[in-house]
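# What would the 3D arrangement of this be:
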Amino acid sequence: MKTFLFLCTLPLVGAEYSTSSHWLVDLNSTPEQMRAIQQQFRGFDTAMMEVGYRYEATRKAISEQNFPLASYHWEKIKTAMELGTIRRPARKESAEAFFLRSLHPAFAEVLRSHNAPQIRAMLPTVQSACNACHSDQNVGFIHIE
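The predicted structure follows:
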């Protein structure tokens, strides 16, 4: 009986989305659906979550001298950042200045060399660029070590 009462009150809770697994299809209009999709993609923060994951995966691959895997993750970092700047254009200038224009291609080239000492020597530069960008975007409390 309690379950029945709970289920009966769901529509009264005021949720914006349907309680079915077709929540997006159940929205009344295409503009509502587009707003819902945009909300689900969120902003640059979700892009940076992927960047953080792939940065650690890149470092691990380097430590294991699996340079093709490191290169793979490094390219995915670029993709995540580029897509993130589409969602948050205000982040584009810094992403390009600190990462996309110079650091990404330079480190990609070093990774392709498979030269472990050069790769390891460049990691502090990558870390510094990340931290400088975070400071530039007023999120300097996010510190990469």
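
# I'd like the average pLDDT over the helix or strand encompassing residue 81.
Assessed by DSSP states H and E, residue 81 sits inside helix 67-87. Helix 67-87 shows a mean pLDDT of 97.

# shift numbering so it begins at 153
Taking 153 as the first residue, the last one we looked at is helix 219-239.

# What distance do you get for residue 296 to residue 186?
34 Å (CB to CB, to the nearest Å). For the C-beta atoms, the positions are set from N, CA and C on the backbone; glycine is no exception.

# now do residue 259
Taking CB to CB, one finds residue 259 at 36 Å from residue 186.

# Can you pick out the residue with more neighbours from these two?
When neighbours are counted by other CB atoms under 10 Å, residue 259 and residue 186 differ, and residue 259 comes out ahead with 22 against 11.

# so which helix or strand takes in the more buried one?
Going by DSSP H and E, residue 259 is in helix 255-265.

# What is the subsequent helix or strand relative to the least confident helix or strand in the chain by mean pLDDT?
The helix or strand of the chain with the poorest confidence is helix 154-161; it has a mean of 42 (mean pLDDT, DSSP states H and E). For helix 154-161, the following helix or strand on the C-terminal side (DSSP H and E) is helix 182-193.

# thinking again about what came up before, kindly format the C-alpha coordinates of the helix holding residue 233 as CSV.
What follows is helix 219-239 as a C-alpha-only set of coordinates in CSV (Å, rounded to 0.1, in the frame of the first residue of the first chain):
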residue,chain,number,x,y,z
PHE,A,219,53.2,5.6,-25.7
PRO,A,220,50.5,4.7,-28.2
LEU,A,221,48.0,4.7,-25.3
ALA,A,222,49.3,7.9,-24.0
SER,A,223,48.9,9.5,-27.4
TYR,A,224,45.4,8.1,-27.7
HIS,A,225,44.3,9.7,-24.4
TRP,A,226,46.2,13.0,-25.2
GLU,A,227,44.1,13.3,-28.4
LYS,A,228,40.9,12.6,-26.5
ILE,A,229,41.8,15.5,-24.1
LYS,A,230,42.0,17.8,-27.1
THR,A,231,38.6,16.6,-28.3
ALA,A,232,37.0,17.0,-24.9
MET,A,233,38.3,20.6,-24.6
GLU,A,234,37.2,21.5,-28.1
LEU,A,235,33.7,20.2,-27.4
GLY,A,236,33.7,21.9,-24.1
THR,A,237,34.4,25.3,-25.6
ILE,A,238,31.4,24.9,-27.9
ARG,A,239,29.2,24.5,-24.8
